[in-house]
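1. Structure for the following, please:
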Amino acid sequence: MRARVSWTVVLAIFLAFPPFQRERVEEMGFEEVFRVERMRADPALTQALWSRWDAEETAFVFPWGHMIPSLEDVSRIIGLRVYGRPVSRFTYPCYHDVAQRLLKLPVEHRSSLVPRVPLQESLGLFYVGKGAGESEDEHLDRLVWVSRRELASEPGAQADLDLHRFLVLFLGRLLFATRGDAIHCRFLPLLEDLSEVGGYVWGAAFLAHQFDSLGASERQTSTRGFFPFLQVVWQPNLVESDEGQPWLVQARPYFGRSVWVHALNLVLPLHLFLSQRSLGLRQSAVEFPVRDWFRRPGRSFRGLHDTTDWHERAKEQINIWEHRGKAVKSDTTTDDTYLQAYALKYGWKVYKSARHQVDVAGEIASLGALLYSAMQDREAAQRQTAELRRELERVRSTGVGGTSSSRGAGGSPSLLEAQLAGAVLRAEEAQRHLEERERDLRLTTEHAMDLQGQRDQLQG
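-> The predicted structure follows:
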């Protein structure tokens, strides 16, 4: 099933729910996901991101340094909670009994998979395809109308059954999507008590799943996971406002910290210290992680043949989560040492877990283009700052601003003058950031060119 269709189906069922059911979903911390702007999956972008992922360090490797999706990104972009109990409990070799008990759907004996079509049909959607000439909104409206006829309208056992089925579809086909059409029941034991679902830190589990999906083979052609999370414009969260996102108040203590994230048998590190610059810090020299993290069985959930208590098996990593990990700090004043070490590691060598050898000449060309763009941005910022300064001086010298906003007897600044002064300060701050970005790119380009020369000498 295509990713966009899955999203439309799950969204339609959520919208079809009566108000009391939507309130339950909201209390679980999932409602904001359904407010994310609908978009099309971009397989080319996903493939490009896969090729830039270093599974050894759970980080993207770009010409300008590491970049890592963080708990703050999850919280801001899709609104999932990043505080609470880790999603860590038992996994079983078979979920047949619990699936039949909670979902009341036919599940093959000794199976952990629920067929998607019967699950959708149990929620009222027998045909989910888009009709000829039907717009996206018309398609969604039709699915909402059809599903609403089959869902319980009052609280009770049937409403609980509807919600159990919806959550399995939502988690299995949207947030934690895997390859294949059937839906795994691995999260079903955590959903048994519906009043406890909101206490789990689903945002951290989502991040663990994203890391695991990115570490899979880049030869895959299907889109795994909740693709809108990666199809956004990332920028340092220091400049972001909390307006309209009240859940960030409770989430903030977990921002800017290196921790372990859990999704049952997925126990993966969030090496946030590798991307200190995304937190507004200078990147200190670091030791790049090696693959010595928590060992677990194979990537396939169907390969878990034993009943395993992950809360016990990952006790040390869970303890780190419960103590909120380690705050990322830096008192260095320059990125030079980090950039030099980064260039040495990724410049032209084939490193562990690499899928291809880096084209240094291509990287230098890309860096040159980025540097040229950064220079243009910096020059434009300088011109804007200069214009604002001239306008501020003109206002100060002429007293422009009208009777209501001119300087009073006490010498207080006019409203227009105060606004211009604030604009100048913001423009100067933006100019400084652009100058730093240009400097970082220039240094990285120089390091890459040095490595190119070293390689040419060795090959010669």
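2. Enumerate residues external to stretch 148-164 that contact any of its residues.
-> Residues outside stretch 148-164 that contact it (CB atoms under 8 Å, 6 or more residues apart in numbering) are 13, 16-18, 20-21, 24-25, 102-104, 123-124, 188, 191, 194. Bear in mind the C-beta positions are built from the backbone N, C-alpha and C, glycine included.
3. Please flag which of those residues sit within helices.
-> Applying DSSP state H to the contacts of stretch 148-164, the entries found in helices are 13, 16, 20, 21, 24, 25, 102, 103, 188, 191.
4. Quick check: can you list the domain ranges of this protein?
-> 7-230, 359-397+413-459 (the TED database).
5. Give me the neighbour count for the closest residue to residue 307 other than its chain neighbours.
-> Using CB to CB, 6 or more residues apart in numbering and skipping the chain neighbours, the partner closest in space to residue 307 is residue 92 (5.3 Å). Neighbour count for residue 92, taken as other CB atoms under 10 Å: 18.
6. same check, this time on residue 154
-> Residue 154 has 8 nearby residues by other CB under 10 Å.
7. Contacts only, for the spatially closest residue to residue 388 that is not a sequence neighbour.
-> Using CB to CB, 6+ apart and skipping residues adjacent in sequence, the residue nearest residue 388 is residue 424, 4.8 Å away. Residues near residue 424 by CB under 8 Å, 6+ apart: 385, 388, 389, 392.
8. change it to 6 Å
-> 388, 389, 392 (CB atoms under 6 Å, 6 or more residues apart in numbering).
9. Run a quick neighbour tally on the residue nearest to residue 173 when sequence neighbours are not counted.
-> Excluding its sequence neighbours, the residue lying closest to residue 173 (CB to CB, 6+ apart) is residue 6, at 4.5 Å. Neighbour count of residue 6, defined by other CB under 10 Å: 22.
10. Scan the protein for its longest helix.
-> Max-length helix for the chain by DSSP H is helix 415-459.
11. Now do it: distance to the chain's middle.
-> Helix 415-459 sits 26 Å away from the centroid of its parent chain (CA atoms, centre = their mean, to the nearest Å).
12. tell me the mean pLDDT for that helix?
-> When pLDDT is averaged over helix 415-459, the result is 76.
13. From here on, call the first residue 13.
-> Got it, the first residue is 13 from now on, which makes the last one we talked about helix 427-471.
14. For stretch 257-267, C-alpha coordinates in PDB please.
-> What follows is stretch 257-267, C-alpha atoms only, in PDB (Å, rounded to 0.1, in the frame of the first residue of the first chain):
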ATOM      1  CA  GLN A 257       2.900  24.100  20.900                       C
ATOM      2  CA  PRO A 258       2.100  24.000  24.700                       C
ATOM      3  CA  TRP A 259       3.500  20.400  25.000                       C
ATOM      4  CA  LEU A 260       7.000  21.800  24.500                       C
ATOM      5  CA  VAL A 261       7.000  23.000  28.200                       C
ATOM      6  CA  GLN A 262       7.100  19.400  29.500                       C
ATOM      7  CA  ALA A 263       9.300  18.200  26.600                       C
ATOM      8  CA  ARG A 264      12.000  20.900  27.000                       C
ATOM      9  CA  PRO A 265      14.000  19.100  29.800                       C
ATOM     10  CA  TYR A 266      14.800  16.300  27.300                       C
ATOM     11  CA  PHE A 267      16.100  18.700  24.600                       C
END
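15. and it, how far from the chain's centre?
-> Distance, centroid of stretch 257-267 to centroid of chain: 15 Å (CA atoms, centre = their mean).
16. Contacts for that stretch next, please.
-> With CB under 6 Å, 6+ apart as the criterion, stretch 257-267 contacts 83, 84, 87, 94, 95, 254, 336.
17. any idea how far the residue nearest to residue 400 is from residue 346?
-> 27 Å (CB to CB, to the nearest Å).
18. now do residue 183
-> For residue 183 relative to residue 346 (CB to CB), the value is 44 Å.
19. And residue 195, by the same measure?
-> 50 Å.
20. ditto for residue 85
-> With CB to CB as the criterion, residue 85 and residue 346 are 26 Å apart.
21. Likewise for residue 30?
-> Taken as CB to CB, the span from residue 30 to residue 346 is 58 Å.
22. Check residue 196 too.
-> 48 Å.
23. before we move on, what about residue 358?
-> From residue 358 to residue 346 the distance is 19 Å (CB to CB).
24. of these two, who's got more company?
-> In this comparison of residue 358 against residue 346, neighbours counted by other CB under 10 Å, the higher total goes to residue 358 at 22 against 14.
25. can you give me the strands for the stretch 313-462 of the chain?
-> 320-321, 338-339 (DSSP state E, counting those that start in this stretch).
26. per-residue confidence at the closest residue to residue 107 other than its chain neighbours?
-> In this structure, residue 107 finds its nearest non-sequential neighbour in residue 197, 3.8 Å apart by CB to CB, 6+ apart. The per-residue pLDDT reported for residue 197 equals 87.
27. repeat for residue 82
-> In this model, residue 82 is scored at 90, pLDDT.
28. if I pick it, what's in contact with it?
-> Neighbour list for residue 82: residue 284 [criterion: CB under 6 Å, 6+ apart].
29. one more time with 7 Å, if that's ok
-> Going by CB atoms under 7 Å, 6 or more residues apart in numbering, residue 82 touches 282, 284.
30. And residue 181, by the same measure?
-> Residue 181 neighbours (CB under 7 Å, 6+ apart): 22, 131, 195.
31. try it again with 8 Å
-> Contacts of residue 181 by CB under 8 Å, 6+ apart are 21, 22, 25, 128, 131, 132, 135, 195.
32. Pull the most distant pair out of these.
-> 25 and 195 (13.8 Å; CB to CB).
33. The top strand by length along the chain - contacts with which helices or strands?
-> Longest strand in the chain, counting residues (DSSP state E): strand 269-275. Packed against strand 269-275 by the contact rule (3 or more CB pairs under 8 Å, 6 or more residues apart in numbering; DSSP states H and E) you find helix 83-90, helix 214-226, strand 278-282, helix 327-334, strand 338-339.
34. hmm, 6 Å instead?
-> helix 214-226, strand 278-282, helix 327-334 (3 or more CB pairs under 6 Å, 6 or more residues apart in numbering; DSSP states H and E).
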